[in-house]
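*Asks:* predicted model follows, preceded by the sequence.
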Amino acid sequence: MSLSKLARELDDLELSRMFGDDFLLTGEKTEDELSAVFTVADALRKLRMDGVSTRIFDSGIAVSLFRDNSTRTRFSYASACNLLGLAVSDLDEGKSQAAHGETVRETANMISFMAEVCGIRDDMFIGRGNSYMRAVSEALDLGFAEGTLEQRPAVVNLQCDIDHPTQTMADMNYIIQEFGGVQNLKGKKIAMTWAYSPSYGKPLSVPQGVAGLMTRFGMEVALAYPQGYEVMPDVIDTALENARSSGGKFYATSSMEEAFSGADIVYPKSWAPFASMKTRSKLYEDGDFEGIKRLEKEMLAQNALHKDWECNRAIMDATKDGKALYLHCLPADISGVSCEQGEVSAEIFNQYRTSLYKQASCKPYIIAAMIFLAKVKDPSGALMQLARSGNPRALFK
Amino acid sequence: MSLSKLARELDDLELSRMFGDDFLLTGEKTEDELSAVFTVADALRKLRMDGVSTRIFDSGIAVSLFRDNSTRTRFSYASACNLLGLAVSDLDEGKSQAAHGETVRETANMISFMAEVCGIRDDMFIGRGNSYMRAVSEALDLGFAEGTLEQRPAVVNLQCDIDHPTQTMADMNYIIQEFGGVQNLKGKKIAMTWAYSPSYGKPLSVPQGVAGLMTRFGMEVALAYPQGYEVMPDVIDTALENARSSGGKFYATSSMEEAFSGADIVYPKSWAPFASMKTRSKLYEDGDFEGIKRLEKEMLAQNALHKDWECNRAIMDATKDGKALYLHCLPADISGVSCEQGEVSAEIFNQYRTSLYKQASCKPYIIAAMIFLAKVKDPSGALMQLARSGNPRALFK
Amino acid sequence: MSLSKLARELDDLELSRMFGDDFLLTGEKTEDELSAVFTVADALRKLRMDGVSTRIFDSGIAVSLFRDNSTRTRFSYASACNLLGLAVSDLDEGKSQAAHGETVRETANMISFMAEVCGIRDDMFIGRGNSYMRAVSEALDLGFAEGTLEQRPAVVNLQCDIDHPTQTMADMNYIIQEFGGVQNLKGKKIAMTWAYSPSYGKPLSVPQGVAGLMTRFGMEVALAYPQGYEVMPDVIDTALENARSSGGKFYATSSMEEAFSGADIVYPKSWAPFASMKTRSKLYEDGDFEGIKRLEKEMLAQNALHKDWECNRAIMDATKDGKALYLHCLPADISGVSCEQGEVSAEIFNQYRTSLYKQASCKPYIIAAMIFLAKVKDPSGALMQLARSGNPRALFK
């Protein structure tokens, strides 16, 4: 699609609330706002592929706060910020005085004097990650309102206990491309299913985020997991509600086969039971490390009961023409490769590898689009102006 | 104040020694040079708030060496460097070969081939931090003189055992703003006082730096601490001398009440006794970790004798109209919030929180101004040219 | 030499294979390609010293992956990338999920969506470092071919088990300057010798790299080491072959004196025996930590038999007029300074210190030149265009 067509698409959307706002949960965004993220992501990609600079900042800091390990989201965030002209500054809590009696409010202000964006990953404890982001967000509102901060950095959720918006929006961006437009996703079936992993405690943010997001586009979302692997209760309500509004469908099932049956897209991925994660968070809070060890052993034993939840040729054959699109947020536990038995057979993984990497390639653009929309008042005009100026991203290319 | 007025102010100052020079101690700088830092800081802030780029470097490295934890100084330094167009490169001594038989002279040269500035925090050991910075500075002089380095990076002291110039200059920048100009500070009383903290070994750089700096502007500086919490002896001599020259006043007292009485500004903050810190540094050198444990226990016990040194409503009532400006370099030990009993009551801290954050917001600009003045021969002309070119810091804002 | 002369030199070289290619081993590059790196390094230095911006990227990521400690190479890489306009993003494997079941292929793609270059140091294990780089390189080829990556990042070897091309090319760049042109190196003798160090396990990449590179310029290369300190067998064959082709000379000797005798250049530096390093790598693989301890003890004892392999005044007197150029990749083990007895006497080290630092100063430019040649199709035209545009690297200088 041409850049001017993408820009015109933005003109038809109601985006006034995005300027200056955070991106914390997809559920808080309107359909127009979600569409805008996809469109701006596509436009930024187009400009970059055409060799045009999308640097909208001459200077400015992008705070990067990761409370959990990360490769792809960390690099996606760094790439997105760099694409817009921002310099990443890591808040390494181990090297900072953040622990020494500082409040969230104080830290949020102290790191933001010249920050335009504040990317946070905090997905380890139930009830904590998203709350922390909201506390930062409120602190920034206050700091800006009282004149401490000269600009209001946008908070971007790089994964929390509830949602993983940069992941699911990138996933959505990818399937829109693959299916030739969002309109073609109406009625398509996606199986978001649990899968066996020999490690425990994988975050719930992806299945929760997928259930909440994909139901908004008229898709049929089947959420499948063995009994005991329930996600946050709210997620189910929201997904049902979304499906009702969008003309889609949502249901939970304990049969992987049922979910895969006739599916256009499958997203099999391990996660930990919400209830166990809540217990685990509580044990950490109490400092009960014996209890944690015991719980983790139980969780592993529980996982081991469901080794048959693997995505392999046999179950893929149940999907639409046996050719459903296979998604994963990576890294995957691949049977016989990264573990003895895992989420997916090597055959299936290899078959979809290129596709999986392309899925991942959407994330930097999605993050850049989220920042762009929070920072630019007239995104359509801005994109056109970038295209017109045509400053090269790289000389001599 | 308009940018051209700020630029004209610079024209009246004798700044020839600043170009190419370090910023290691405020005591080494003339009144003109200190004034220039405040003026350039204000000018850079004005330009940034007007949306004008202050990027004076297209490329260039800013070395960042922190030998102690830091949140706000680290982000202030990163922000300042980014504002001028420099990319921060951390010298993480744990990941480098610096420890493996390299001399200071060698390391200083090796990291500086394309460095414009070298920011160093080294405040842990008495007699070491500032000496280290001077050794780096001499190595850079030599490296530049002998043609190893194509440019001479400016060393900026981000806190040492003697002084904390970026902090105290930011403090001064803030109170100049609050009192409507440096001329209004003449005769104003500032109480730089010790305060109780449940932790030991806090650096002396702030009280020492405040005593040395604030006495140069005709202020009345009362330095208060319990017996036994003496600072570096030289500081007292310098402060007395400064006060004499500037028409100000300086005295030390062991009464927090006396210091607060009628004060326009109060700066209550814990620090460790200079003598104990010297002993501690010696014990570290000797590797006497038993001795250190014993000493730290003694220091905590000594602190505990002075829990009444808290900044609260009662003692604030003794200040000018009960409304003195409360300063702190943050993070503060807040009674009932970050500790059971600390440097300041929650009531007072909350009352001044916005003010404290604004005080902190001066630091990035002060650091940027120090670098600017070390790197630009005609700062007044340069500021005017930046304003005239009017390159936007951020497109579409 | 003028910039246009440097540019014209490039025009006479066959460089078509460099565009889009990696720099993994000097042995894989033609004489023309090596010459081009020196010429572009000189041109970039000239432009920078003339105050001209060499920023060819407006945005873009430079991945930095160090699996071993580093000061000078890390800063050289960061400086080189910054000089060209790229932002360094560290892949810290400890903070990433790289270990959790990810393949090299996956990681290589995940970090490269917006990367232009990928600098890797991996020198710890025999048979691993260079192979790892090749695996990354192949993954990037595939990723680019299948459309996952929009650009193909160039892999730059920042030291591996076989070679240290950025070091030896910088060394070569330096001696070309010192001897007034590459043509003057014909027939010059360089002694690449082992030297005693109280530490074990120093990499072989420098002696191996020097033997392979310096023999290509018609130099006489004497590789000297005590019996038992053999390097990779291939290196000897290659060096002999190179010498034959270039009209130079190569021989190995177990006499430091013989190597130094009449030498124009000496490069005495400790390394570990290839055979021991291979054993050590195997022990690591097997997790045999007792075996490693035992081996390291043996290696230290073996070293201690050769304390007389020190570069000092006496042996320097055997060189050409007693005035050979002394090289070292730094940091050196300096007798009586960084250790009791080491690779070089303090007298000799001090005599050559400035020269050593200048040698080191070539590395950032060499790395920048390697990246430049991989990224710019018409390097000669690009350099001339940079010169003509004359954008300042720093305003107000």
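*Replies:* On my side now, so go ahead. Bear in mind that the values here come from a model prediction, so they are computed numbers and not experimental data. Residues are numbered from 1 along each chain as shown, chains lettered A, B, ... in the order given.
*Asks:* what residues sit buried inside the strand or helix carrying A:S361?
*Replies:* According to DSSP states H and E, A:S361 maps onto helix A:346-375. For helix A:346-375, the neighbour count (16 or more other Cβ atoms under 10 Å in any protein chain shown) marks A:348-349, A:352-375 as buried. (Each C-beta comes from the backbone N, C-alpha and C, glycine too.)
*Asks:* return the residues of the stretch 251-397 of chain A in contact with chain C.
*Replies:* The stretch 251-397 of chain A comes close to chain C at residues A:330-334, A:337-339, A:342, A:354, A:357-358, A:360-361, A:363-364, A:391-397, as judged by Cβ under 8 Å from any Cβ of the partner chain.
*Asks:* rerun that using 6 Å as the cut-off
*Replies:* Residues of the stretch 251-397 of chain A found near chain C, taking Cβ under 6 Å from any Cβ of the partner chain as the criterion, are A:331, A:333, A:338, A:354, A:357-358, A:361, A:364, A:393-396.
*Asks:* chain C versus the residue positioned nearest the centre of chain A, what's the distance?
*Replies:* Centroid check for chain A by Cα atoms, centre = their mean gives A:Q167 as the closest residue, at 2.4 Å. From A:Q167 across to chain C, the span is 13 Å (Cβ to the nearest Cβ, to the nearest Å).
*Asks:* dump the residue contacts of that residue.
*Replies:* Contact analysis of A:Q167 by Cβ atoms under 6 Å, 6 or more residues apart in numbering or on different chains lists A:206, A:329.
*Asks:* which secondary structure element contains it?
*Replies:* helix A:165-178.
*Asks:* after that helix, next one along is what?
*Replies:* strand A:189-193.
*Asks:* which outside residues touch that following strand?
*Replies:* Against strand A:189-193 from outside (Cβ under 6 Å, 6+ apart): A:207, A:210, A:214, A:219-224, A:256, A:259-260, A:262-268.
*Asks:* report the buried members of these.
*Replies:* With neighbours counted by 16+ other Cβ under 10 Å, the contacts of strand A:189-193 contain buried members at A:207, A:210, A:214, A:219-224, A:256, A:259-260, A:263-268.
*Asks:* among these, which are in helices?
*Replies:* Assigned to helices by DSSP state H, the following of the buried ones among the contacts of strand A:189-193 qualify: A:207, A:210, A:214, A:256, A:259-260.
*Asks:* first to last residue in stretch A:255-271, what's the distance?
*Replies:* 16 Å (Cα to Cα, to the nearest Å).
*Asks:* pull the distance from that stretch to the chain's centre.
*Replies:* The chain centroid and the centroid of stretch A:255-271 are separated by 19 Å, computed with Cα atoms, centre = their mean, to the nearest Å.
*Asks:* quick check: mean pLDDT of it?
*Replies:* On average, the pLDDT along stretch A:255-271 is 98.
*Asks:* list the contacts of that stretch.
*Replies:* Stretch A:255-271 is contacted by residues A:188-193, A:195, A:197, A:202, A:204, A:206-207, A:222, A:224, A:253, A:309, A:311, A:315, A:318-320, A:324-327, A:343 when judged by Cβ under 6 Å, 6+ apart.
*Asks:* show me the contacts for A:P153.
*Replies:* A:112, A:115-118, A:140.
*Asks:* just the buried positions in stretch A:306-320, please.
*Replies:* So for stretch A:306-320, counting by 16+ other Cβ under 10 Å, buried means A:306, A:309-312, A:315-316, A:318-320.
*Asks:* can I get these in JSON lines including pLDDT?
*Replies:* Output for the buried residues of stretch A:306-320, formatted as JSON lines (pLDDT from 0 to 100):
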{"residue": "A:H306", "pLDDT": "97"}
{"residue": "A:W309", "pLDDT": "98"}
{"residue": "A:E310", "pLDDT": "98"}
{"residue": "A:C311", "pLDDT": "98"}
{"residue": "A:N312", "pLDDT": "98"}
{"residue": "A:I315", "pLDDT": "98"}
{"residue": "A:M316", "pLDDT": "98"}
{"residue": "A:A318", "pLDDT": "98"}
{"residue": "A:T319", "pLDDT": "98"}
{"residue": "A:K320", "pLDDT": "98"}
